[in-house]
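Peer 1: Turn this into a model:
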Amino acid sequence: MSFYDLYCAARDDGERALGMETVTDAGVRRAIGKKTLSGKDYLALLSPAAEPYLEQMAQKAHRLTVAQFGRSMVLFTPMYLSNFCTNRCLYCGFNQSNNIARHRLTLEQVEAESRTIAEMGIRHILILTGDAPSIAGVDYVEECCHVLRRTFPAIGIEIFALSEEAYGRLIRAGVDSLTLYQETYNESLYSHLHSQGPKRDYRFRLDAPERACRAGMRAVGIGALLGLDDWRRDAFFTGLHASYLQDRYPETEIGVSLPRMRPHVGGYPPASIVEDRHVVQIMTALRLFMPRVGITISTRESARFRDRLLPLGVTRMSAGSCTAVGGRIDTEESVGQFDISDERSVPEMAAMLRRAGWQPVYKDWQALGG
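Peer 2: Residues are numbered from 1 along each chain as shown. Got it, this is the predicted structure:
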């Protein structure tokens, strides 16, 4: 059994019996008042009927977040190793059909960029690649990790889906966390969005976070790219997926990212508009449903909006971001995966957090002997 079986059952159930249009005010109030929520309660909090209750949801989400995580915020930054890609994802700037300059960092460049990042104070790094295993595959990522582990105690990967064996190799190379977006849980839409390349395999990608858990990954984060499909639907299945992983692998730290579509080369328009209040509803509903889940908000969001989200459930934020390969050390023009909205530096983010009464955390975990 895998999450796909639960996905199919919930999908069919949701369309017949758990439709959000049937949720009542009483159902929303009942979900807010419960200590332990079911999937049906989570659905109620995502429904249109819950919109008048956002303030109550926010207050409870704040209490739960402080109780579980304190007033701390883990800061990390992304580092793009390669933008070569064999996929044709309609919504991505690295789409194989986009006419952009392609780069792959040498190990010397990896070391140079790592030094630049370390000077910011960051100790959590997230490395990213396109999906081109023959150019930037597991062997290459493994070599980069051997370089990066000299500087960073926590290395995360956001790369193409791998086998359990390959995840094990990268864990031994120093990787401790995985971020992998399903993009959308709508299986038929997924096929349309991914017309070419290995990412087209919906089931292989859906099961990848569980393979990483089985391999021994310390932390696994999932998410959907909000705007590709109806946001309530994708948020619902993201929560069910996270809950499944947390229940099945209690030794693994499970997290959820809430990225919204951002402008990129290719300009694929969103299918639905996800407003700020919708992100608030997703975040607070998720926190009430899963009090212990980590929640990440990236620099896709504006500085003003990220500041406002601080008390509502977020536990991790990126800072000093750059979505171009080698963008921190290379003077050549390089196209990023998407446009950044919050361009504040790490010191600026840390100062904002302290003013708001939150403690910036640069390092919250290190392997024994590290």
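Peer 1: Every contact and neighbour count from this point should use C-alpha atoms.
Peer 2: Will do.
Peer 1: Can you list phi and psi of Leu178 for me?
Peer 2: Backbone geometry at Leu178, expressed as degrees, to the nearest 10, gives phi -130, psi 140.
Peer 1: what separates the longest strand along the chain from the chain centre, distance-wise?
Peer 2: In the chain, ranked by residue count with DSSP state E as the criterion, the top strand is strand 72-82. Put simply, strand 72-82 sits 11 Å off its chain's centre (CA atoms, centre = their mean, to the nearest Å).
Peer 1: Do a quick rundown of the strands in the stretch 251-370 of the chain.
Peer 2: Assigned by DSSP state E, counting those that start in this stretch, the strands in the stretch 251-370 of the chain fall at 253-257, 294-297, 316-318, 359-361.
Peer 1: For the third one, give me every contacting residue.
Peer 2: Contacts of strand 316-318 from elsewhere in the structure, counted by CA atoms under 8 Å, 6 or more residues apart in numbering, are 73-78, 294-299.
Peer 1: can you pick the most crowded of those?
Peer 2: Neighbours here mean other CA atoms under 10 Å. Within the contacts of strand 316-318, the largest count is held by Phe76, at 27 neighbours.
Peer 1: quick one, which of the strands of the stretch 251-370 of the chain is nearest to Glu108?
Peer 2: strand 316-318 (24.4 Å; CA to CA).
Peer 1: what are the pairing partners of the closest one, and which direction each?
Peer 2: Here strand 316-318 has these sheet partners by DSSP bridges: strand 72-82 (parallel), strand 294-297 (parallel).
Peer 1: who wins for proximity to Gly326 among these?
Peer 2: For Gly326, the closest of those is strand 72-82, at 6.7 Å, according to CA to CA.
Peer 1: which strands and helices sit next to the next helix or strand along the chain from that closest one?
Peer 2: Using DSSP states H and E, the helix or strand that follows strand 72-82 in sequence is helix 107-118. Helix 107-118 is packed against helix 138-148, with contacts defined by 3 or more CA pairs under 8 Å, 6 or more residues apart in numbering; DSSP states H and E.
Peer 1: Just give me how far the helix it packs on sits from the chain centre.
Peer 2: Distance, centroid of helix 138-148 to centroid of chain: 22 Å (CA atoms, centre = their mean).
Peer 1: what's the answer for stretch 88-99, then?
Peer 2: Worked out by CA atoms, centre = their mean, stretch 88-99 lies 19 Å from the chain centre.
Peer 1: now stretch 135-148
Peer 2: With CA atoms, centre = their mean, you get 21 Å for stretch 135-148.
Peer 1: Can you point out the buried residues in that stretch?
Peer 2: For stretch 135-148, the neighbour count (16 or more other CA atoms under 10 Å) marks 136-138, 140-142, 144-148 as buried.
Peer 1: Now distance to Gln182 and pLDDT too, for those residues, in CSV please.
Peer 2: As requested, these are exported to CSV (distance: CA to CA, whole Å; pLDDT from 0 to 100):
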residue, distance to Gln182, pLDDT
Ala136, 21, 95
Gly137, 20, 96
Val138, 20, 97
Tyr140, 24, 98
Val141, 21, 98
Glu142, 23, 98
Cys144, 25, 97
Cys145, 24, 97
His146, 28, 96
Val147, 29, 97
Leu148, 27, 96
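Peer 1: for these, which one is nearest His124?
Peer 2: Leu148 (10.7 Å).
Peer 1: Next one: the closest one relative to Asp176, how far apart?
Peer 2: Leu148 sits 12 Å away from Asp176, going by CA to CA, to the nearest Å.
Peer 1: Find the residues that touch each one of the two.
Peer 2: Residues touching both Leu148 and Asp176 (CA under 8 Å, 6+ apart): Ile155.
Peer 1: now, among the buried residues of stretch 135-148, which is nearest to Met349?
Peer 2: Distances from Met349 to these, taken by CA to CA, are shortest for Leu148, at 23.3 Å.
Peer 1: returning to that earlier point: same list, the strands paired with strand 316-318, but as CSV with distance to Arg200 and mean pLDDT please.
Peer 2: Below are the strands paired with strand 316-318 laid out as CSV (distance: least, CA to CA, whole Å; pLDDT from 0 to 100):
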stretch, distance to Arg200, mean pLDDT
strand 72-82, 20, 94
strand 294-297, 26, 97
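Peer 1: Which of those sits closest to Arg214?
Peer 2: strand 294-297 (19.3 Å).
Peer 1: So what's the gap between that closest one and the chain middle?
Peer 2: For strand 294-297, the distance to the chain centre is 7 Å (CA atoms, centre = their mean).
Peer 1: Dump it to PDB, keeping only the CA atoms.
Peer 2: Taking Å, rounded to 0.1, in the frame of the first residue of the first chain, the C-alpha atoms of strand 294-297 are listed here in PDB:
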ATOM      1  CA  GLY A 294       6.900  22.100   9.400                       C
ATOM      2  CA  ILE A 295       5.700  24.900   7.100                       C
ATOM      3  CA  THR A 296       7.900  26.700   4.600                       C
ATOM      4  CA  ILE A 297       7.300  30.000   2.900                       C
END
